[in-house]
Every structure is written in C-alpha cells, then in structure tokens.
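# show me how the following folds:
(one chain, ligands or ions: 1)
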Amino acid sequence: MKVAFLSSEVFPFAKTGGLADVAGALPLGLEKLGLEVKIFMPLYKGIKPESLSEDFGLSKVGKNIEVVFIKNDNYYLRDQLYNTAQGDYPDNLQRFSFFCRKSLEVLKKIGFSCDIIHCNDWQSSLLPLYLEEFYKKDKFFKKARTVLTIHNLAFQGLFSLDQFDLLGLSKGYMPDLEIYSKLNFLKSGIIKADRVNTVSPSYAQEIQAKEAGCGLDHILRQHSHKVSGILNAIDYNVWNPDSDKAIYLQYDKKNLDKKAQNKVSFQKELGLKKDKNTLLLGMVSRLTEQKGVDILSGAMPSILKNHQVVILGTGDPKYHDILSSLAKKHPQSFSLHIKFDETLAHRIYACSDVFLLPSRFEPCGLSQMISFKYSTLPLVHATGGLKDTVVDYTRDKSKGNGFVFLQYSQEALLDAVERASSLFSDKDSLTALQKRVAGLNFSWETAAKDYVQLYKSA
Ligand code: ADP
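Numbering: from 1, shown residues only. Model prediction:
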C-alpha cells in the first residue's frame, strides 16, 4: 500500500506540539509494516533538505521514507510556523491551501500514485476538496482515497468568506467550506475525506456531542459512519530514559535510584531546594485554556506550600503573566520557563515525580505516555485520551498508573495532588508503581496496525 502523509509539522524538522511527534513517528511504524510512505510538509526556515529543486526539497527518514518539502519561500521562510506574538499570519489561508494544492501537483510530478492520502488537521484538510475539484477525472489519482486525522478539533482553519476566491475553487464548493459566516478548512475535510479519525477513542465520541464539538459536532454526527478514534503512541527511540542524552544520568526501571539523582541535579540546575524527598511536579505544555492552566494557577499557592513545580511552555500571554508572578513569589519552589526547549522537556519528564496534565479537554495527550516511560506518574483530568490511558491508582491499585480527577476544578486537582503526595511518602508502593508504569507499552506498532485497517476500510 502506498501512502502520502501530509502534515504541517514533522519531528525532527519542525515542531510546535504533538502533531509533529505523530507525523515523525507514525510513518516509520507504517514502513515497518511494509507500506510505502512519503511525507509531505512545508519547507520552513532552517530545514536543509538533502536535495532541492525549484518547487520541492527531498530528504530521507526511516529506512526509505522520502520527505517531500513543499517550497515557497514567500510563504514558509519565516521564524514561526503559524503565527507571531501578534497573532496568526494574515496569509495562512494562502500558505496552507498552497500546501495542499502543491502536494497534489508534486505527487503527480514524481509519479507517486498512492492508495491513501493521509491529511492531518486543518492545514492539510483542504486537500480532499482540491482532489475532487482538479483531479476527479485524472487516472493518476483514480485509486487515491483520503483520510483526515483530527489532532485537535479546536483548531479549524477559519478565514473570512471574502477570501474564498483566493482558493481557486468553483463557487459550488462554498457550502462545503462555509459555517458560521466563515470559511472553515476542517469542515470541508470532514465532509470530503473518505475516512475521518481522531487520536483517541474517547475524543472521537466526545467531539460528536455539543460540549466538545467546537461547533462542528453536528457535521461530525452527520458523517459519524466514517468517524473513528485511534489512540496515538510515542516513539521510544526518542523517549527513553535508558538512552536519553538530554538527562544527567541515564536510567531504567531497574535502577530508579538514578532517577532520584537526576531529580536532585535538576533541582540544583533550577535553583530549587535540593531535596529528593520533596515532591516535584512537572509540566511541559502549551500554556492555554485547553491545558488547564486556569485551574492549575489557582491551585498553585496551595501546591507550593509543600511541593515543588517546574513548568515549561508558551502560549497565552495572560498565563505567562499569572505564572510569572507566582514564580517571583515562590523562587525556591516554582521554576518557570516560558520558551520551547526540547532538552529541558526531556529533563522535566525524567526528573519530576509527577507530571501534570489538568487539561480541560485533551484529544490524546502524549505527555502521559512519555511520563510512564520515565517512571513519572501522570496526574490528569479525566477527558479524551487521558481518560483512555490513565487509571487512578487510589481507585484501583492493581491497574492504576497515575492520578485522575473527574471534575474540572481547582479543588479536584488539589485533591489528586494530595493523593499523589501520600503515595510519594510510601516509598515501597511508589517504587513498585514506578517500575510498573515504565513497562507499559504505547508504541506505534499497535497504532500503525490500526491505521492500516483504517486505510483498508477507506
Ligand atoms: P498538543 O496539544 O500541544 O499537541 P500533545 O500532548 O499532543 O499536546 O503534545 C505536546 C508535545 O509537545 C509533547 O511532545 C511535549 O513534550 C511537547 N511540548 C509542548 N510544549 C513544549 C515546550 N515548550 N518545549 C518543548 N516541548 C514542548
């Protein structure tokens, strides 16, 4: 089976979040199952392809996966992927509609007659429409079927209606794109793709109801026969404390004392009080409403009375300010880093005792799976993919692998922190649990097989 995999970010070439992790790892998993995959992404600033022609660059990943970088310096040669501090780039409609159209053109040019075109999120969700508009009668694309994966329904690619003409589509397509007086790239993808999936079974259900439907729940319900959920996974070549070059001391579940040593080195680096018996809670996240920063900020003064917190992330300036003033007040117990930093992220996963994911909603979440591998216990709100992966230890000691709070509130979050804290003082149970979670397997092997089934059904 031949697959063209489109993503606006792919690790290690460009990353702002989980989409890049998935796009960097799933194609490798598919290749291992014998599929022929090519990845398509924009040629952003700083990427150096192994070869370069007028309209695209090429590199190789995995055994033999070609990465095709769509070139348009006017659109992609910028410091950030989607926005500046002032907001989204005003020409994102042109930038990502071009990405979709050009990818189809290049597919034909290089003669990659694929069975599946796998689109990801709004940035590539216009492709099924373009395929229909421009290539419906083209033999080259006759067998091509489209799959759209929604990594986060909250991001839909919204633009003003008067920009429709810039898309080069016939007027008849307007209803596929229009909703609430806006053009909506994701809506057209949901309507036109042969299969739509999201990144966890729970989120696939949640988005078909009003509360988590982000205004598209009725569209998803209309197409529910083709909507499903496949849980994401992580790449254990990237996330593994046994081979992680970013941490102080490599370790695995058999030598967890080295995890404790990592923690003390980290406390020293961060300027926190050096004490392996103080609970250290970590977080690596976009700092937005979605990620639960509102309830976390409210809970922080209580948490910081007895515990330490380290947070790495960027996002909403409102939360930068709130967290910065907390960090100023609690320099010994709260270390805040408002930036994107891979090395620091690895250290937080490795050196924390507990990893915080108080997300209001979470399509899948990768950090809880990464945390498991580092014997760091996730503390999560029961939503979406977090609900599908984390079982509360206090409720079920045999299957429990972290701490879960059901109600989205500051109090419920604090209660979970207290439960984590009491386990932390019971060292034998803690070590047993840390060993067990490190052995959990969320590798792409299983998820890639599910994607093959999805491709076949398309
Ligand atoms: P998202 O909704 O942001 O995609 P995910 O949990 O799916 O959330 O994935 C987030 C990924 O991005 C994880 O690999 C996480 O470690 C990484 N990440 C998020 N913020 C930062 C940051 N500031 N620095 C480094 N890595 C980050």
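# contacts and neighbour counts: CA atoms only from here.
OK.
# domains of the protein?
2-233+444-457, 257-438 (automatic domain parsing).
# may I have the beta-bridge partners of Gly315?
With DSSP bridges applied, Gly315 shows beta-bridge pairing to Leu287.
# list the contacts of it.
Arg286, Leu287, Thr288 (C-alpha atoms under 8 Å, 6 or more residues apart in numbering).
# tell me the residues of the chain that contact the ligand?
Residues of the chain lying near the ligand by C-alpha under 6 Å from any ligand atom: 17-19, 284-286, 312-314, 339-342, 345, 365-367.
# mind running it again at 8 Å?
15-21, 151-152, 284-286, 291, 312-314, 337-346, 362-368, 370 (C-alpha under 8 Å from any ligand atom).
# show me the residues you listed that map onto helices.
Gly18, Leu19, Ala20, Asp21, Glu342, Thr343, Leu344, Ala345, His346, Ser367, Gln368, Ile370 (DSSP state H).
# let's have these in TSV, adding pLDDT.
Listed next are those as TSV, based on pLDDT from 0 to 100:
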residue	pLDDT
Gly18	92
Leu19	96
Ala20	97
Asp21	94
Glu342	96
Thr343	98
Leu344	98
Ala345	98
His346	98
Ser367	98
Gln368	98
Ile370	98
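# and the domains of the chain: which comes nearest Trp239?
When these are compared by C-alpha to C-alpha, domain 257-438 sits nearest Trp239, at 6.4 Å.
# start to end distance for the closest one?
Domain 257-438 has an end-to-end distance of 14 Å (C-alpha to C-alpha, to the nearest Å).
# can you give me the helices in the stretch 351-458 of the chain?
Ranges of helices in the stretch 351-458 of the chain, per DSSP state H, counting those that start in this stretch, are 367-373, 384-389, 410-424, 427-438, 444-457.
# give me the contact list for the third one.
The list of residues contacting helix 410-424 from outside it, by C-alpha under 8 Å, 6+ apart, reads 279, 295-296, 298-299, 302-303, 354, 358, 379, 381, 394, 403-406, 429-430.
# swap in the last one?
Around helix 444-457, the neighbours that count as contacts under C-alpha under 8 Å, 6+ apart are 25-26, 29-30, 33, 116, 147, 195, 230-235.
# counting neighbours, which of those end up buried?
25-26, 29-30, 116, 147, 195, 230-235 (16 or more other C-alpha atoms under 10 Å).
# quick check: the farthest pair among those residues?
Arg195 and Asp235 (24.7 Å).
# just the contacts of Gly315 now: which is nearest the ligand?
Of all those, the ligand sits closest to Arg286, with 5.0 Å by C-alpha to the nearest ligand atom.
# which residues does the closest one contact?
So Arg286 contacts Gly17, Gly313, Thr314, Gly315 (C-alpha under 8 Å, 6+ apart).
# likewise for Leu323?
Residues near Leu323 by C-alpha under 8 Å, 6+ apart: Ser297, Leu336.
# endpoint to endpoint, stretch 30-42 covers what distance?
Taking C-alpha to C-alpha, stretch 30-42 runs 21 Å from one end to the other.
# pLDDT (mean, whole number) over it?
In this model, stretch 30-42 has a mean pLDDT of 98.
# give me the residue from the stretch 351-458 of the chain nearest the ligand.
Counting by C-alpha to the nearest ligand atom, the stretch 351-458 of the chain gets nearest the ligand through Gly365, at 3.6 Å.
# now the residue in the stretch 1-150 of the chain positioned nearest to the ligand: closest residue in space, sequence neighbours ignored.
Across the stretch 1-150 of the chain, the shortest distance to the ligand (C-alpha to the nearest ligand atom) belongs to Gly18, at 3.2 Å. Excluding the flanking residues, the one nearest Gly18 by C-alpha to C-alpha, 6 or more residues apart in numbering is Leu366, at 6.7 Å.
# near that neighbour, how many other residues are there?
Using other C-alpha atoms under 10 Å, Leu366 has 22 other residues around it.
# quick check: longest helix of the protein.
Per DSSP H, the chain has its longest helix at helix 92-109.
# partners of the helix or strand just after it, with directions?
Downstream of helix 92-109, the first helix or strand assigned by DSSP states H and E is strand 116-120. Partner strands for strand 116-120, per DSSP bridges, with pairing direction: strand 2-6 (parallel), strand 145-150 (parallel).
# out of those strands, which gets nearest to Asp121?
Closest approach to Asp121 among the strands paired with strand 116-120 (C-alpha to C-alpha): strand 145-150, 5.0 Å.
# what pLDDT, on average, does the closest one get?
Per-region confidence: strand 145-150 scores 98 on mean pLDDT.
# I'd like the next helix or strand past that strand.
Using DSSP H and E, the helix or strand that directly follows strand 145-150 along the chain is strand 158-160.
# could you list the buried residues of that following strand?
Going by 16+ other C-alpha under 10 Å, strand 158-160 has these buried residues: Leu158, Phe159.
# only alpha carbons, please: show the helix or strand following that strand as CSV.
Where DSSP H and E defines the elements, the next helix or strand beyond strand 158-160 is helix 174-177. Extracted in CSV, the C-alpha atoms of helix 174-177 (Å, rounded to 0.1, in the frame of the first residue of the first chain):
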residue,chain,number,x,y,z
MET,A,174,-18.8,27.3,-0.9
PRO,A,175,-21.3,25.3,1.2
ASP,A,176,-18.6,22.6,2.0
LEU,A,177,-16.4,25.3,3.5
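# which residues touch helix 174-177?
By C-alpha under 8 Å, 6+ apart, the surrounding residues in contact with helix 174-177 are Phe164, Leu183, Asn184, Phe185, Lys187, Ser188, Ile191.
# with stretch 69-88 instead?
16, 40-45, 49, 54-58, 89, 92, 95, 99, 102-103.
# of those residues, buried ones?
16, 40-44, 49, 56-58, 92, 95, 99, 102-103.
# pLDDT added to the contacts of Gly315, as CSV?
Formatted as CSV, the contacts of Gly315 follow (pLDDT from 0 to 100):
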residue, pLDDT
Arg286, 96
Leu287, 97
Thr288, 94
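# what's the span of stretch 123-143, first residue to last?
Across stretch 123-143, the terminal residues are separated by 23 Å (C-alpha to C-alpha).
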